[in-house]
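*Asks:* The amino acid sequence is not available; the structure is as follows:
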């Protein structure tokens, strides 16, 4: 590990690609949301804040770094 990698920490947060259970719409959302995240198409709740990581209501497809 180089000197810079030790000094500069990596973020622990990620972005998630989630599919809505109701309409099948795929949407990107932050892994640690502060507010409820709703589907842009049907308004269904996709994720709720839980004081850290999100509680997902939809299907998690992938995790982006």
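*Replies:* Okay, I see it. Being a predicted model, the structure only gives us computed values, none of them experimental.
*Asks:* Give me the neighbour count for residue 27.
*Replies:* 18 (other Cβ atoms under 10 Å). Glycine gets a C-beta too; all of them are placed from N, C-alpha and C.
*Asks:* Mind listing residues that contact whatever helix or strand it lives in?
*Replies:* According to DSSP states H and E, residue 27 maps onto strand 26-30. Applying Cβ atoms under 8 Å, 6 or more residues apart in numbering, the contact partners of strand 26-30 are 13, 15-20, 37, 39-40, 46-47, 54, 58, 61, 64.
*Asks:* where does residue 46 fall, phi/psi-wise?
*Replies:* In terms of degrees, to the nearest 10, the main-chain angles of residue 46 are phi -100, psi -40.
*Asks:* so residue 54 sits right up against residue 31, yeah?
*Replies:* Yes. Using Cβ atoms under 8 Å, residue 54 is in contact with residue 31, at 6.0 Å.
*Asks:* Can you give me the neighbour number for residue 32?
*Replies:* Residue 32: 15 neighbours (other Cβ under 10 Å).
*Asks:* check contacts around it.
*Replies:* Neighbour list for residue 32: 13, 49, 52-54 [criterion: Cβ under 8 Å, 6+ apart].
*Asks:* Mind doing that once more with 10 Å?
*Replies:* By Cβ atoms under 10 Å, 6 or more residues apart in numbering, residue 32 lies in contact with 12-14, 47, 49-54.
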